[in-house]
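*Asks:* please work out how this folds:
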Amino acid sequence: MPSEARPGDASLERLASEPHRRYNPLIDEWVLVSAGRGRRPWLGAEEPEPDGAGVAFDPDCYLCPGNVRAKGHVNPEYTETFVFTNDFSALRPDTTTSAYDTGLLRAEGERGLCRVVCFSPRHDLTLGRMPPDAVRRVIDMWADQTEELGARHRWVQVFENRGEAMGASNPHPHGQIWAGTALPNEGARELAAQRAHLARTGQRLLLDYVDQESTGPRVVTETADWLAVVPFWAAWPFEILLIAKRPAARLSELDDAARDDLTVVLHDLLGRYDGLFKRPFPYSMGWHQAPFGEDGTDAWQVHAHFYPPLLFAKVRKFMVGYELLAETQRDLTAEEAAARLRAVPVRPFRVLADAPQPDPV
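*Replies:* Below you'll find the predicted structure:
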């Protein structure tokens, strides 16, 4: 729970009642905060109600065990996590590396690989509703895939898009892993910021941030090994930054205790998301891990970003206009968002009874 007021909290409270900007040291960027805009009469298009209860097995789902995918591949009768190469990959290992450079016009080939990770064989589950041992298998799979792909690629991006509002094409619980030979924009910005902070202070930037935020007003969930916080510089309404509290550059460096603890944190956090508006909460989440083949990765601290789009139960936050043309803007303070998430009761882990599954067709 949040601690007593800290130095500077009073001035922040005064600032929070007025439009102001907050600095994001992780990517060297400012965010405009306009608290109170949520009271304006029109807030945006309403998101549709989610579908009702699902089924444990869907014969028409291309991710369910035993079913046929779009290009004719047949899924095995998997019983735990299942990983396969994306049938419609955005990156390919056979891409040519030839470059194009004519002054201001530059391009280069990008080799890579895209994989799909089915979290569970059950069509009706979500990551936050899976039992702890199943979530732990997903975490181990993320770590193993990162190391395997990192042996041949500079950047490994583990992520999940949940819900139609975030472009998920299938409700079956799954995520993706893209690996590429280039360092993408967000990775490059975070690497530069973390390196600069280490050179200046001798400390990892995100571990210093953990020390400053721990038990504070922006904390949503905190355990021995993890801090889930609405970052001071959050852009999305209920954005979360999830940080390992002990030095680790990648998921593979987490010990068993930290991985077990992560299953608890994910259940807690995703339960709060779903309970906030009493409906399945859409989001994009992804792990940022140290790039491979880089010097100075001792500056990097493994962390995950959660970017949910909803401002209210049926109202999406749109990043348009000023956000696209000037700088990111948000409609409620990080402190208010964290308080609302903390107030959501979280149910204990509940293992669903095995449901009968029809033979796949």
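
*Asks:* host element of the closest residue to Glu294 other than its chain neighbours?
*Replies:* Leaving aside its sequence neighbours, Glu294 sits nearest to Leu191 (Cβ to Cβ, 6 or more residues apart in numbering; 6.9 Å). C-beta here means a position set from N, CA and C on the backbone, and glycine is covered the same way. Per DSSP states H and E, Leu191 falls inside helix 185-201.

*Asks:* from the chain's centroid, how far away is that helix?
*Replies:* Taking Cα atoms, centre = their mean, to the nearest Å, one finds helix 185-201 lying 20 Å from the centre of the chain it belongs to.

*Asks:* for that helix, packing partners?
*Replies:* Using 3 or more Cβ pairs under 8 Å, 6 or more residues apart in numbering; DSSP states H and E, the elements in contact with helix 185-201 are helix 205-213, strand 283-288.

*Asks:* now the angle between helix 205-213 and that helix, please.
*Replies:* 70 degrees (axes from the mean of the first three to the mean of the last three Cα atoms, to 10 degrees).

*Asks:* what sits up against helix 185-201?
*Replies:* Contact with helix 185-201 is made by 25-29, 155, 183, 203-206, 208, 288, 290-291, 294, 296, 298-301, as judged by Cβ atoms under 8 Å, 6 or more residues apart in numbering.

*Asks:* go again with 10 Å.
*Replies:* If you take Cβ atoms under 10 Å, 6 or more residues apart in numbering as the criterion, helix 185-201 is touched by 24-29, 154-157, 180, 182-183, 203-209, 249, 286, 288-291, 294-301, 303, 305.

*Asks:* from Arg111, how far out is the residue nearest to Glu294?
*Replies:* 20 Å (Cβ to Cβ, to the nearest Å).

*Asks:* please identify which of these two sits among more neighbours.
*Replies:* Neighbours were counted for Leu191 and for Arg111 using other Cβ atoms under 10 Å; Leu191 has more, 20 against 17.

*Asks:* wait, which of the helices and strands packed on helix 185-201 is closest to Phe238?
*Replies:* Nearest to Phe238 among the helices and strands packed on helix 185-201 is strand 283-288 (8.6 Å), distances taken as Cβ to Cβ.

*Asks:* give me every residue that touches the closest residue in space to Ala134 that isn't next to it in sequence.
*Replies:* Once flanking residues are discounted, Ala134 sits nearest to Ser120: 6.0 Å by Cβ to Cβ, 6+ apart. Residues near Ser120 by Cβ under 10 Å, 6+ apart: 56, 63, 78-82, 126-127, 129-131, 134-135, 137-138, 172-174.

*Asks:* how about the longest helix seen in the chain: buried residues?
*Replies:* The longest helix of the chain (DSSP state H) is helix 256-276. Within helix 256-276, the residues that count as buried by 16 or more other Cβ atoms under 10 Å are 258-276.

*Asks:* pLDDT at Glu4, what is it?
*Replies:* Per-residue pLDDT puts Glu4 at 49.

*Asks:* also Asp9?
*Replies:* 74.

*Asks:* wait, it sits on Glu335?
*Replies:* Yes. With contact defined as Cβ atoms under 10 Å, Asp9 counts as touching Glu335 (9.3 Å).

*Asks:* more neighbours: these two, which one.
*Replies:* Shown here are Asp9 and Glu335; by other Cβ under 10 Å, Glu335 has more neighbours (19 against 15).

*Asks:* tell me the secondary structure for the more buried one?
*Replies:* State at Glu335, reduced to three classes by DSSP: H, G, I helix; E, B strand; the rest coil: helix.

*Asks:* now it: how far from Ile139?
*Replies:* Distance of Glu335 to Ile139, computed by Cβ to Cβ: 30 Å.

*Asks:* tell me which helix or strand of this structure sits lowest on mean pLDDT?
*Replies:* Ranking every helix and strand in the chain by mean pLDDT, DSSP states H and E puts helix 9-16 at the bottom, with a mean of 78.
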